[in-house]
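In: Sequence and predicted model, in that order:
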Amino acid sequence: MTTTTLTKPVSVQTGGEFAVQQPRAVERLVVGQATSDGAGVKLTRVLTHDLQQRLDPFLMLDAFGTDNPDDYIGGFPNHPHRGFETVTYMIAGRMRHRDSAGNEGLLQNGGVQWMTAGRGVIHSELPEQEEGSMEGFQLWLNLAAKDKMTAPWYRDLQSADIPEFTTPEGVTARVIAGASHGVNGAMQREVTEPLYLDLHLEPGARFEQKLPASFNAFVYVYRGEVEIGDTKVPVQRMAILKNTAGSDGVVLRATDRPTRVLIIAGQPLKEPIAQYGPFVMNTQEEIFQAVRDFQSGRFKATA
């Protein structure tokens with residue numbers, strides 16, 4: 001299969017090598033938990049701690065969206081991370097990132113911030129707006145044991161940097177990571193091989209996505225409603241896809257309204273997960289060391 005990296009939307013053909021022959025069904029639907037984080041930012045925790053092993057290598061997915069500045073104005077002041085990557089996708093709004101590795105960037109409509117915390121970083125994400133909508137997602141992607149103490153890394157992707165394509169069936173796909181229908185995403189990761197798609201479907205539109213049988217995968221609906229096999233997935237629900245032997249992908253169809261969904265999948269690490277707040281390692285001793293390192297100032301705070 002050939003893949004292409006795009007910077008502007010193009011039309012692609014469906015079927016053929018991209019057709020799904022044995023689609024996955026839905027294992028279960030998940031309702032997110034309302035919570036707050038940072039300085040009181042209201043959000044919905046869709047992928048919670050109890051699903052980390054099931055959806056390995058993904059550790060967390062938060063969805064946030066509000067027109068009320070009181071729900072987001074405090075942002076996320078300086079806080080540490082170690083042992084994983086954060087992927088922040090902004091649908092609407094403006095957020096400024098600064099970190100202790102010297103990186104700075106403005107996350108805005110349609111853009112993505114991809115940060116590898118590695119051995120340790122302190123960063124802040126603060127709104128650069130006092131009114132209007134703020135909406136998006138933050139995904140935590142685990143690092144393999146061999147990579148947990150790598151140097152921190154950061155990439156700012158503006159909306160124009162995200163490859164897009166359209167299908168004859170009326171679907172626009174934004175390929176944040178991985179590849180879809182021959183189009184390479186903006187980011188690639190060798191070990192976890194994440195796929196991260198944002199799909200915009202017209203009413204009744206159908207979309208097929210190939211997935212290796214070994215991948216854990218889920219779909220999150222944030223506008224409208226989709227059908228996956230015999231299961232209707234309403235708005236603000238996550239559908240965990242079954243890991244069925246011999247399956248080769250997922251097929252979904254929008255119902256009678258415009259729909260937007262995320263498809264997220266990846267190769268599981270199958271390693272122990274030890275977490276204490278913003279630190280995710282493989283053993284409790286590594287967690288204790290992360291706390292000691294942070295408390296002793298080995299993570300340098302941002303200005």
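Out: Thanks, I have it. What you see is a predicted model; the values in this text were computed from it and never measured.

In: which stretches of the stretch 201-303 of the chain have low pLDDT?
Out: Scanning the stretch 201-303 of the chain for pLDDT under 70 picks out 300-303.

In: change it to 50
Out: Residues of the stretch 201-303 of the chain meeting the criterion pLDDT under 50: 302-303.

In: quick one, helices of it?
Out: 284-295 (DSSP state H, counting those that start in this stretch).

In: where along it do the strands fall?
Out: 206-210, 216-223, 226-228, 231-233, 237-241, 249-254, 259-266, 274-276, 279-281 (DSSP state E, counting those that start in this stretch).

In: right, and residue 47 touches residue 55 too?
Out: Yes: counting by Cβ atoms under 8 Å, residue 55 is a contact partner of residue 47 at 6.1 Å. Using the backbone N, CA and C atoms, a C-beta is placed for each residue, glycine as well.

In: quick one: the strands in the stretch 51-200 of the chain?
Out: Counting by DSSP E, counting those that start in this stretch, the strands of the stretch 51-200 of the chain are 58-66, 76-81, 84-92, 94-99, 104-108, 112-116, 121-127, 134-142, 153-157, 164-166, 171-177, 179-180, 183-184, 195-201.

In: Quick check: phi and psi at the nearest residue to residue 229 once chain neighbours are set aside.
Out: Leaving out its chain neighbours, the residue that sits closest to residue 229 by Cβ to Cβ, 6 or more residues apart in numbering is residue 25, at 4.7 Å. Recorded main-chain torsions at residue 25 are phi -100, psi 170, according to degrees, to the nearest 10.

In: quick revisit: pipe the strands of the stretch 51-200 of the chain into a markdown table and attach mean neighbour count and distance to residue 288 per row.
Out: Shown next, in a markdown table, are those (neighbours: other Cβ atoms under 10 Å; distance: least, Cβ to Cβ, whole Å):
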| stretch | mean neighbour count | distance to residue 288 |
| --- | --- | --- |
| strand 58-66 | 21 | 19 |
| strand 76-81 | 18 | 14 |
| strand 84-92 | 21 | 17 |
| strand 94-99 | 19 | 24 |
| strand 104-108 | 17 | 31 |
| strand 112-116 | 24 | 22 |
| strand 121-127 | 21 | 19 |
| strand 134-142 | 22 | 19 |
| strand 153-157 | 17 | 25 |
| strand 164-166 | 18 | 45 |
| strand 171-177 | 23 | 32 |
| strand 179-180 | 22 | 39 |
| strand 183-184 | 18 | 40 |
| strand 195-201 | 23 | 32 |
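
In: closest one to residue 222 among these?
Out: Closest of the strands of the stretch 51-200 of the chain to residue 222 is strand 58-66, at 6.6 Å (criterion: Cβ to Cβ).

In: That closest one - contacts with which helices or strands?
Out: strand 41-47, strand 84-92, strand 134-142, strand 216-223, strand 259-266 (3 or more Cβ pairs under 8 Å, 6 or more residues apart in numbering; DSSP states H and E).

In: now the second one, how far from the centre of its chain.
Out: Going back to what we said before, that points to strand 84-92. 6 Å (Cα atoms, centre = their mean, to the nearest Å).
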